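In: this is the structure alone, sequence omitted:
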């Protein structure tokens with residue numbers, strides 16, 4: 001920034017200073033905005049550059065193979081003559097199925113999430129939400145561990161089969177591939193879901209300053225374009 005300046009020089013210095021020192025963060029905000037609003041453009045580019053993998057949309061339906069029909073029938077016949085141990089396990093499954101309902105599904109899934117996290121050497125920091133997947137008859141809970149990136153695309157999840165009480169799958173955000181982690185960081189930085197307490201507030205204040213910087217860049221850019229246009233018009237008039 002020059003000390004001795006005029007209106008044009010001030011706008012020129014502001015435009016170049018904000019564009020130079022904040023270009024990395026401005027690129028993060030701009031490209032993550034493309035990811036939020038133009039996924040047909042964002043996803044192919046990210047797949048080609050960083051190897052972004054498409055997210056799992058749900059459990060694919062399982063279909064029995066034709067060659068195994070006889071084998072499945074044989075297993076069904078054997079199950080009819082099962083002993084009392086199998087009956088006890090069925091009773092246990094029925095009890096679990098009755099427990100995994102709307103009233104206490106949060107407690108059940110949070111306990112299962114804690115178990116899965118401890119088995120993977122991490123810990124659950126925050127429960128983010130639970131939903132009922134009607135097409136699969138499953139409960140799914142999203143949660144954040146101490147190794148996840150943010151609380152949205154980088155969060156973990158656990159899915160429980162409501163009919164059996166068994167854990168269908170567990171997905172930890174920190175175990176994602178490189179491309180998915182880049183995508184998670186972009187969305188997390190854009191939304192301001194970074195840190196906790198004062199660090200979180202400081203980052204949100206920084207994002208607010210980025211918003212002001214965008215306004216300054218827009219205003220100074222329009223001013224510089226307008227002054228340049230005036231100079232071009234004067235030059236054309238002199239030529240005439």
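Out: Arrived safely. Predicted, not measured: the structure shown is a model, and the values here were computed from it.

In: please enumerate the strands of this structure.
Out: 124-133, 138-145, 156-161, 167-171 (DSSP state E).

In: buried residues in the longest one?
Out: Neighbour counts over strand 124-133 (16 or more other Cβ atoms under 10 Å) mark 124, 130 as buried. C-beta coordinates here come from the backbone N, C-alpha and C atoms, glycine included.

In: how far away is the most centrally placed residue in the chain from residue 186?
Out: Nearest to the mean C-alpha position of the chain, counting by Cα atoms, centre = their mean, stands residue 153 at 1.0 Å. Taking Cβ to Cβ, to the nearest Å as the criterion, residue 153 is separated from residue 186 by 9 Å.

In: with residue 23 instead?
Out: 15 Å.

In: likewise residue 146?
Out: Taking Cβ to Cβ, one finds residue 146 at 21 Å from residue 186.

In: show me the contacts for residue 47.
Out: 53, 179 (Cβ atoms under 8 Å, 6 or more residues apart in numbering).

In: hmm, try it at 10 Å
Out: Counting by Cβ atoms under 10 Å, 6 or more residues apart in numbering, residue 47 touches 53-54, 179.

In: name the member of the residues you listed with the most neighbours.
Out: For these, the largest number of neighbours (other Cβ atoms under 10 Å) sits with residue 179, at 16 neighbours.

In: surely it and residue 52 touch.
Out: Yes: judged on Cβ atoms under 10 Å, residue 179 makes contact with residue 52 at a distance of 3.7 Å.

In: what residues are shared contacts of the two?
Out: Common neighbours of residue 179 and residue 52 (Cβ under 10 Å, 6+ apart) are residue 46.

In: which one of residue 23 and residue 186 is surrounded by more residues?
Out: residue 186 (22 against 11).
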